[in-house]
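Chemist: model this:
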Amino acid sequence: MTQPPTTPGPDEPSGDAGFAPPSGPGPGAPGEPFGPPPGPIPPVPPVPQYGGHYDPSQAYVVYQAAPTGGYGVPAAGQQAGFDPLISPDYSGWWQRGLAIFRGAWQQLLALQFVGLFAGLVVAIPEALYGTKAIDKFIRTADAAEPGTMPDLSPLLGVFAVAIGALVASTLVAAAVTVAGNHIAVSVAAGQPPRLGAALGLAVRRCLPLWGWQVLASLIMIVGFCACVLPGIYLYAVFLVLPAVVTFERGGAGIGRCFQLFHRDFGSAIARVATIAGLLFAVGVIAYVIGQVIEVAFPSDTPVVPDGTRVAGVATATTAAVIARVLVSGLLSAGVRTLTDVLVVTAYADMRARHEPLSTATLAAEIGITPTPRSEWVAPPA
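Modeler: This is a model prediction of the structure:
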């Protein structure tokens, strides 16, 4: 309703000098000097705090993430209700991964070195044994009489030792991955990373993860045998399998990976391709360095019983084998310090697009209590 114009009083300025509201009570209720509002006031949307559910499909307002205590991730320029693990886009996913990595790289690197040492204890003897056994097989095969079957026992021994080393190394890798997931979520939840608690979770979940990885590997082998592209697709789908087994119970595994991967295919493939690209690049670097090591350390040519050397056949020296395994392990441990964190954040993004999720939920699923002091709030005016 339009109110009739009023004539300014003796103490009020004219319209040319501007308008100042009266200081006394107006026609409204007591305590309302300007009268009732002209219409209903629209409700102010609540600002979700850390720990609430986050919908990555909704638009967001830029806020500054300022943790007030604990080990909160020091990110800036995020939205209201910022979640340290869940992001609305690719850039947010990458920044969250780097922020968590910077907050826990020392513990993650120490964990990777523990796994590297355990792996080297298995890998170096297996590689040395395989080199010597193959050298023995070459000698006996060249010295055998024409038309006779050479002794295959050295090759069978190599196969048996390789299977045992593979089982042991994959169990260690599964335990390291689960422990790394625990550390990443601890930092995101505002808790100091603790290797003891992380290794405790790894002991409980490494066997289930190892079993699911064996099944996934068999499926990928079938895919690569059928055609290369199905194998690559299956590898992309199963990349988040360690996170699925770490955080979820009740038989979540292969089917859950497909469910999460296809919920938002575009965002999932972008994150998975980045992680796979990092691993592939480091693998290429390790291969090139291995070739350089082969050139730097001259190979041994097997000698048959009559004292002659087998032409065109060479086996690596002990120094070359150890150097190649050590370099490959160091590079793999270094890149997995980052990629394991990126897998956790990618899993959180995929799952948040499928169901309500927050960092507090993921933390509770592995027995971590987020610190209430580590809240992500708007910047001061």
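
Chemist: How about Ser328, nearest residue that isn't a chain neighbour?
Modeler: Beyond its immediate neighbours in the sequence, the residue positioned closest to Ser328 (Cβ to Cβ, 6 or more residues apart in numbering) is Ala286, lying 4.6 Å away. Where C-beta positions appear, they are placed from N, C-alpha and C, glycine not excepted.

Chemist: same check, this time on Gly157
Modeler: If you skip the residues right next to it in sequence, Gly157 has Ala133 as its closest partner in space, 5.6 Å away by Cβ to Cβ, 6+ apart.

Chemist: Could you do Leu155 as well?
Modeler: Taking Cβ to Cβ, 6+ apart as the measure, Leu155 lies nearest to Phe137, with 5.7 Å between them; neighbours along the chain are not counted.

Chemist: remind me which residues of this structure are low pLDDT?
Modeler: 1-81, 141-145, 147-151, 154, 298-317, 370-381 (pLDDT under 70).

Chemist: what do you get if the cut-off is 80, keeping everything else the same?
Modeler: 1-82, 119-120, 122-159, 161, 250-252, 294-322, 325, 369-381 (pLDDT under 80).

Chemist: all strands of the stretch 151-300 of the chain, in order?
Modeler: Under the criterion DSSP state E, counting those that start in this stretch, the stretch 151-300 of the chain contains no strands.

Chemist: Would you map the helices across it?
Modeler: Shown for the stretch 151-300 of the chain, the helices assigned by DSSP state H, counting those that start in this stretch span residues 153-188, 195-226, 228-237, 241-247, 254-263, 265-296.

Chemist: hey, which of these is tucked in deepest?
Modeler: Per-residue neighbour counts averaged over each of these give the maximum for helix 241-247, namely a mean of 24 (mean count of other Cβ atoms under 10 Å).

Chemist: okay, how far is it across stretch 84-95, tip to tip?
Modeler: 10 Å (Cα to Cα, to the nearest Å).

Chemist: Go through it and flag the buried ones.
Modeler: Across stretch 84-95, burial judged by 16 or more other Cβ atoms under 10 Å covers 84-88, 92-95.

Chemist: Now flag whichever of those is closest to Arg351.
Modeler: Sorting those by how near they are to Arg351, with Cβ to Cβ, puts Ile86 at the top with 8.5 Å.

Chemist: Now the closest one. Nearest residue, chain neighbours left out?
Modeler: With sequence-adjacent residues excluded and distances taken as Cβ to Cβ, 6+ apart, Ile86 is closest to Ala352, at 4.5 Å.

Chemist: Count the neighbours of that neighbour for me.
Modeler: Residues contacting Ala352 under the criterion other Cβ atoms under 10 Å number 26.

Chemist: unless I'm mixing things up, it is touching Gly92, no?
Modeler: No. In this structure, Ala352 is not within contact of Gly92 by Cβ atoms under 8 Å, at 11.5 Å.

Chemist: Show me whatever sits in contact with both of these two.
Modeler: Both Ala352 and Gly92 lack any common contacting residue under the criterion Cβ atoms under 8 Å, 6 or more residues apart in numbering.

Chemist: Just the CA atoms of stretch 335-343, as CSV, please.
Modeler: The C-alpha atoms that make up stretch 335-343 are tabulated as CSV, following Å, rounded to 0.1, in the frame of the first residue of the first chain:
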residue,chain,number,x,y,z
VAL,A,335,54.5,-41.0,-6.4
ARG,A,336,52.1,-43.1,-4.3
THR,A,337,52.6,-40.6,-1.5
LEU,A,338,50.5,-38.3,-3.6
THR,A,339,48.3,-40.6,-5.7
ASP,A,340,47.0,-42.4,-2.6
VAL,A,341,45.6,-39.1,-1.3
LEU,A,342,44.2,-38.3,-4.7
VAL,A,343,42.4,-41.6,-4.8
